[in-house]
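A.B. asks: mind folding the following:
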Amino acid sequence: MRIDVILESSNSPEQVLELGRLAEDMGLGGVWVSNMNDARDPFINFVPLAMQTERIRLGPIAVSPFELHPLKMASSLITLNEVARGRAQIVVGAGGGTATAMDQKPVRVVRAVRECVEILAAAAAGEAFSYRGELFKVRWYNPSWVRHAPPSLYVGANGPQMLRAAARYADGIMVSDFTVDRVRWAREIVDASLVAAGRAPAAFPVNNFWAWHVKEDAAEARREATIWLAVRGTIYPKYINDILDEDEAAIVTANIGSFIRAYHDKTDRIEGVPDAIVRRIVDACTSASSIANLDHEIERLRQFAAAGLTQIALRVYDDPAASIRLLGERVVPALADA
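C.D. replies: The predicted model follows:
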């Protein structure tokens, strides 16, 4: 299973370069950043890393056609891909924080993402084309300057309809904060769609955005993980029932505001939610352990691989260099046969 790393999206180009080069040296497969409305532009921010590395893949999670027209997205992506000599990657999603900040109202999201990926793929081929979709149109585009292999086009998909559709046309799928059982559920949907489309399931990449809080001190690991729970998809309806019973899930849903306040205040106190429930959420939907207990997290990653993940993208937080070194020295070798 390929191990990727997700960096803080507000990092400077110099920080992305330093950490990305370290990730390449440590044998990781890819570097991602989340596409946030108030962060640095991910395409531009990756340019120094693209120019000064040889192997590692790089790109943003997730860019929506409702925030950036697919034609302009294509121009940015294939420019980065040329700089990276064929190593760019992207996750295309339907909505996200940037579209929300722009007060965009996504409609027909499954169709919109498909048309966006089709436009990106056509642009990456390096030949003149026009495109007339139901939602997006390109009158004429001729990227005759394209010289390198196309970028990898992933779709961000969590629901069954998007999973089923993306398996038919994308280069890969990235899910977000999925537990092992949820990955198994998604893989069944994806594989059935791949077979129906005449595509080989074994060759199709499925990645998972996963929070990585592994530190020397177990208490600090849990504290950091708790602060960030508001941005874990697992705490929201549809997914919280994967890890809690109905009554416990109702407590979490009634107190979502407490998770959000804790995130903004950078505190690990979730008002209105018993500590035992918070601890179970942290245990189930993040990797929050001491380094001494790293074997527990490696075993979880093995379970992810057995459930059908071919890649996992680990979001690192405080002291990302230390996390990248730990991943390279101990996790990558342990997962080499997974």
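A.B. asks: what helix or strand is the most centrally placed residue in the chain on?
C.D. replies: In the chain, the residue lying closest to the centroid (C-alpha atoms, centre = their mean) is residue 209, at 4.1 Å. Using DSSP states H and E, residue 209 maps to strand 206-215.
A.B. asks: cool, and residue 166?
C.D. replies: helix 160-169.
A.B. asks: quick one, that helix and strand 206-215 angle?
C.D. replies: Per axes from the mean of the first three to the mean of the last three C-alpha atoms, to 10 degrees, the angle that helix 160-169 makes with strand 206-215 is 110 degrees.
A.B. asks: now the angle from the following helix or strand past helix 160-169 to strand 206-215?
C.D. replies: Using DSSP H and E, the helix or strand that follows helix 160-169 in sequence is strand 172-176. Put simply, strand 172-176 runs at 40 degrees to strand 206-215, going by the same axes, to 10 degrees.
A.B. asks: neighbouring strands of strand 172-176 in the sheet, and parallel or not?
C.D. replies: Sheet pairing for strand 172-176, assigned by DSSP bridges, gives strand 152-156 (parallel), strand 206-215 (parallel).
A.B. asks: got a pLDDT number for the residue nearest to residue 51 when sequence neighbours are not counted?
C.D. replies: In space, and not counting its chain neighbours, residue 51 is closest to residue 83: 6.0 Å by C-beta to C-beta, 6 or more residues apart in numbering. Using the backbone N, CA and C atoms, a C-beta is placed for each residue, glycine as well. Per-residue confidence at residue 83 stands at 98 (pLDDT).
A.B. asks: what's residue 83 in contact with, if anything?
C.D. replies: When contacts are counted by C-beta atoms under 8 Å, 6 or more residues apart in numbering, residue 83 is found next to 47, 50-51.
A.B. asks: kindly report the same for residue 262.
C.D. replies: 226-227, 229-230, 268-271.
A.B. asks: what is the one helix or strand residue 116 maps to packed up against?
C.D. replies: Assessed by DSSP H and E, residue 116 sits inside helix 109-124. If contacts are counted by 3 or more C-beta pairs under 8 Å, 6 or more residues apart in numbering; DSSP states H and E, helix 109-124 sits against helix 70-83, strand 89-92, strand 129-132, strand 137-141, strand 152-156, helix 160-169.
A.B. asks: using JSON lines, lay out those together with distance to residue 198.
C.D. replies: Compiled in JSON lines, the helices and strands packed on helix 109-124 are given as follows (distance: least, C-beta to C-beta, whole Å):
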{"stretch": "helix 70-83", "distance to residue 198": "26"}
{"stretch": "strand 89-92", "distance to residue 198": "22"}
{"stretch": "strand 129-132", "distance to residue 198": "23"}
{"stretch": "strand 137-141", "distance to residue 198": "27"}
{"stretch": "strand 152-156", "distance to residue 198": "18"}
{"stretch": "helix 160-169", "distance to residue 198": "10"}
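A.B. asks: what's the most buried one of those?
C.D. replies: strand 89-92 (a mean of 28; mean count of other C-beta atoms under 10 Å).
A.B. asks: ok, back up a step: restrict the helix holding residue 116 to CA atoms and write it as PDB.
C.D. replies: Extracted C-alpha coordinates of helix 109-124, given in PDB (Å, rounded to 0.1, in the frame of the first residue of the first chain):
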ATOM      1  CA  VAL A 109     -22.800  17.200  -8.500                       C
ATOM      2  CA  VAL A 110     -22.200  13.700  -9.900                       C
ATOM      3  CA  ARG A 111     -22.600  15.100 -13.500                       C
ATOM      4  CA  ALA A 112     -20.500  18.200 -12.700                       C
ATOM      5  CA  VAL A 113     -17.500  16.200 -11.400                       C
ATOM      6  CA  ARG A 114     -17.600  13.800 -14.300                       C
ATOM      7  CA  GLU A 115     -17.600  16.600 -16.900                       C
ATOM      8  CA  CYS A 116     -14.800  18.300 -15.000                       C
ATOM      9  CA  VAL A 117     -12.600  15.100 -15.100                       C
ATOM     10  CA  GLU A 118     -13.400  14.600 -18.800                       C
ATOM     11  CA  ILE A 119     -12.200  18.100 -19.600                       C
ATOM     12  CA  LEU A 120      -9.000  17.600 -17.500                       C
ATOM     13  CA  ALA A 121      -8.300  14.400 -19.300                       C
ATOM     14  CA  ALA A 122      -8.800  15.900 -22.700                       C
ATOM     15  CA  ALA A 123      -6.500  18.800 -21.800                       C
ATOM     16  CA  ALA A 124      -3.800  16.500 -20.500                       C
END
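A.B. asks: where does the prediction get shaky in the stretch 51-200 of the chain?
C.D. replies: Along the stretch 51-200 of the chain, the parts satisfying pLDDT under 70 run over 97.
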